[in-house]
Structure formats: C-alpha cells, structure tokens
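*Asks:* Below is the sequence, then the predicted model.
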Amino acid sequence: MTDLMNRPQPDCPADCPGTEERGVDRHEPGTGERLNRLRAAVLGANDGIVSTAAVVVGVAGATSDQTTIAMSGLAAVIGGAVSMALGEYVSVSSQRDSERAMGLAEEMQVNPWSAAIASFLSFLLGAALPFATALLAPASWRIAAIFVLTLVALALTGALSAKLGEAPVARSVTRIVVGGTMALAATFAIGSLFGANVG
C-alpha cells in the first residue's frame with residue numbers, strides 16, 4: 001500500500017496524498033525562471049542607473065568637457081552591462097547546479113543565460129537615462145538634472161522591487177534613494193576636488 005501511495009500519479013491533484021512527503025513543487029513549470037529573470041532585470045536597472053549616474057556626475061564635477069563626460073559615461077555603460085551580465089550568469093549557474101543536484105526537473109530549473117541577458121538589457125535601459133541627461137542637459141544645470149532624474153528613476157525601481165518582493169514600499173524606496181544620493185554626492189565631491197586640484 002505504501003508503495004502504491006508513493007508511486008508517481010500524473011493526474012493527481014495538488015493536495016493528493018504523498019505529494020508533500022515526496023517534496024513535489026506545486027508551482028507552475030517555469031515560474032522560478034520567470035521570477036529569476038524579473039529579479040535580474042530589476043537589479044540590472046538599479047545598477048545601471050546608479051553606477052552610470054555616479055560616473056558621469058563624478059566626471060562632470062571634475063570637468064565640463066562634453067567629450068570627456070561622454071566617453072567616460074559610455075565606458076561605464078558598456079563595462080557595467082557586461083560585468084552585470086557576467087555576475088548574473090555565474091550566480092545563476094551555481095543556483096542551477098544546486099537545483100540539478102536536488103533532482104529538480106529540467107523545466108523547473110533557472111536559466112543562467114536568460115538571467116544574464118535580462119540583466120544586460122535592463123542595465124543598458126537604466127544607464128540610458130543618466131547618460132542621455134549628461135549629454136543633452138545644458139552645462140549650467142547638468143549635474144542637478146542628473147541628480148533629480150536619477151533619484152526619481154531609483155524611486156520607481158525601488159517601488160517595483162518592493163512590490164515584487166511583497167516588502168514595504170516606503171522602506172524600499174527610502175533605502176534606495178538614500179543610497180543613490182550618497183553615491184552621487186560622493187562621486188561628485190571627489191570629482192570636484194580632483195578638478196580643483198588639477199586646475
């Protein structure tokens with residue numbers, strides 16, 4: 001009888017006997033993979049916004065030369081996107097290895113390539129806002145514009161992240177906005193000091 005209870009039952013509903021003991025995952029196939037891509041995309045966008053904005057603000061604090069700012073920002077965008085994608089690939093590959101070791105079905109396992117691509121593309125999208133602002137805003141209010149637009153974008157991604165993780169929105173937004181402000185202020189201060197010393 002026990003053997004019959006534990007035998008695979010394709011048509012068995014989610015609450016049939018023995019599913020909990022066998023450790024059956026009741027999520028829809030691919031749910032973990034979709035959530036994994038979404039997580040990678042949100043993190044990639046946040047990182048793209050903050051890191052690119054910090055670079056262009058720091059360089060703008062040191063010089064008003066448009067070419068220098070543009071080249072520094074472009075390097076930050078490309079290097080950051082590749083680095084973010086590589087980090088996601090390595091991290092998710094380790095997670096998939098663990099899932100395989102636990103015997104999780106192939107369709108339930110996460111995909112490191114999809115996480116890496118989602119992270120790469122979302123980083124580019126996030127980085128596009130501060131990069132474009134640095135290139136297009138008049139020099140007289142370039143830094144202020146980067147600060148404002150960056151913090152607004154971070155507030156939006158922070159709220160989205162909190163919703164996805166079912167966490168308090170206000171706390172998540174406050175945390176990411178404060179962190180972003182500190183990053184921008186620090187790089188601008190260093191850039192300004194460097195520019196003043198060079199000048």
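*Replies:* Thanks, I have it. Being a predicted model, the structure only gives us computed values, none of them experimental. Numbers count the residues shown, from 1 in each chain.
*Asks:* Ignoring the adjacent residues along the chain, who's closest to Val55?
*Replies:* Spatial nearest neighbour of Val55, excluding adjacent residues (CB to CB, 6 or more residues apart in numbering): Ala76 at 3.9 Å. Yep, even glycine has a C-beta here, placed from its N, CA and C like the rest.
*Asks:* pLDDT value on Gln48, please?
*Replies:* Wrong residue type there; residue 48 is Gly, not Gln. You'll see Gly48 listed with a pLDDT of 94.
*Asks:* from what I can see it touches Ala127, true?
*Replies:* Yes. The pair Gly48 / Ala127 is scored as a contact, 3.8 Å apart, by CB atoms under 8 Å.
*Asks:* Find the residues that touch each one of these two.
*Replies:* Taking CB atoms under 8 Å, 6 or more residues apart in numbering as the contact rule, Gly48 and Ala127 both touch 77, 80-81.
*Asks:* Going by neighbour count, which of these comes out on top?
*Replies:* Neighbour counts for those peak at Ala81, which has 24 neighbours (criterion: other CB atoms under 10 Å).
*Asks:* Leaving out the residues flanking it, which one is nearest to it?
*Replies:* Counting by CB to CB, 6+ apart, the residue nearest Ala81 is Phe123, at 4.3 Å.
*Asks:* What residues does that neighbour make contact with?
*Replies:* Contacts for Phe123 (CB under 8 Å, 6+ apart) come out as 44-45, 47-48, 77, 80-81, 84-85.
*Asks:* ok, which stretches of the chain are strands?
*Replies:* Assigned strands in the chain: none (criterion: DSSP state E).
*Asks:* Now stretch 177-191: buried residues?
*Replies:* 177, 180, 183-184, 187-188, 191 (16 or more other CB atoms under 10 Å).
*Asks:* Where does the prediction get shaky in this structure?
*Replies:* Residues of the chain meeting the criterion pLDDT under 70: 1-32, 195-199.
*Asks:* So in it, which helix runs the longest?
*Replies:* Secondary structure of the chain per DSSP state H: the longest helix is helix 66-101.
*Asks:* Tell me the gap between that helix and the middle of its chain.
*Replies:* Put simply, helix 66-101 sits 10 Å off its chain's centre (CA atoms, centre = their mean, to the nearest Å).
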